[in-house]
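A.B. asks: Output the structure for:
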Amino acid sequence: MGTAACAFIVVTPAICGAQEGPASPITATTRTEWVAESVVGPQSLVAGVFVAGFGTAIDLPPEWRRSTDGFALRYASRDAAILTSNGLEAALGSMWGEDPRYFKCQCNGVSHRIGNAAKLAVFAQRSDGRIGPAWGRYAGTMTSSVVQNAWLPASASTWQQTLIREATAFSGRFVGNLWSEFWPDVERHIRH
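C.D. replies: Numbers count the residues shown, from 1 in each chain. Below is the predicted model:
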């Protein structure tokens with residue numbers, strides 16, 4: 001890779017002063033735990049119920065109907081997509097020195113913290129501490145969006161629906177980042 005390309009990889013717009021650093025460098029075990037948490041962790045389980053419930057309520061895709069079986073299909077489909085996407089992100093990211101974990105903003109102001117959540121939806125911290133494009137995430141979400149066409153019904157496997165799934169993968173990451181950024185503060189206020 002040329003120097004111009006390398007410069008692009010490690011230079012990103014500064015949205016907030018800094019992110020918290022990782023407690024320790026990410027290991028193969030930590031990557032595996034990150035993938036498992038993304039599928040069966042409490043945040044994912046709650047999000048899965050919400051997403052599958054919403055899909056069932058609006059009957060999308062309609063082939064799966066508004067039923068318990070339809071809810072189960074939607075929930076399983078979401079989990080399979082996350083496992084595919086995050087598994088690829090963890091594997092490819094390890095080769096490229098990308099850390100898929102979210103790091104809270106060490107800055108003041110809600111707008112800076114929201115900016116950090118948005119930035120880390122599309123960028124990842126590198127093993128040298130710099131922030132750059134999350135190539136593993138891009139490859140994982142695109143592959144997952146295409147692979148889902150193998151099990152989704154016809155109405156949900158068009159090229160348009162594939163692109164929508166790709167966009168919702170990044171917006172879902174952003175929402176998850178917002179949760180990670182702000183929930184500890186909300187929880188602290190609730191306890192007092």
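
A.B. asks: what pLDDT does Arg188 get?
C.D. replies: Here the pLDDT value assigned to Arg188 is 89.

A.B. asks: Tell me, how many residues neighbour it?
C.D. replies: By other CB atoms under 10 Å, 9 other residues sit near Arg188. The way it works is simple: take the backbone N, C-alpha and C, and place the C-beta from them, glycine included.

A.B. asks: Just list what the strand or helix carrying it packs against, helices and strands only.
C.D. replies: Take DSSP states H and E as the rule and Arg188 turns out to sit in helix 159-191. Applying 3 or more CB pairs under 8 Å, 6 or more residues apart in numbering; DSSP states H and E, we find helix 159-191 packed against helix 42-57, helix 110-122, helix 135-147.

A.B. asks: what's near enough to touch the residue positioned nearest the centre of the chain?
C.D. replies: Nearest to the mean C-alpha position of the chain, counting by CA atoms, centre = their mean, stands Arg173 at 3.5 Å. Arg173 sits next to Ala121, Arg137 when contact means CB atoms under 8 Å, 6 or more residues apart in numbering.

A.B. asks: cool, the one 5 residues further on as well?
C.D. replies: Remark: with contacts taken as CB under 8 Å, 6+ apart, Leu178 is in contact with Ile114, Ala117.

A.B. asks: how much space between it and Ala81?
C.D. replies: Leu178 sits 20 Å away from Ala81, going by CB to CB, to the nearest Å.

A.B. asks: In this structure, where is pLDDT below threshold?
C.D. replies: Applying pLDDT under 70 to the chain flags the ranges 1-23.

A.B. asks: What about Pro25, how many residues nearby?
C.D. replies: By other CB under 10 Å, the residues close to Pro25 number 10.

A.B. asks: and it, backbone torsions?
C.D. replies: With angles defined as degrees, to the nearest 10, Pro25 sits at phi -60, psi 150.

A.B. asks: Just give me how far the helix holding Arg188 sits from the chain centre.
C.D. replies: Averaged C-alpha coordinates place helix 159-191 at 8 Å from its chain's average position (CA atoms, centre = their mean, to the nearest Å).
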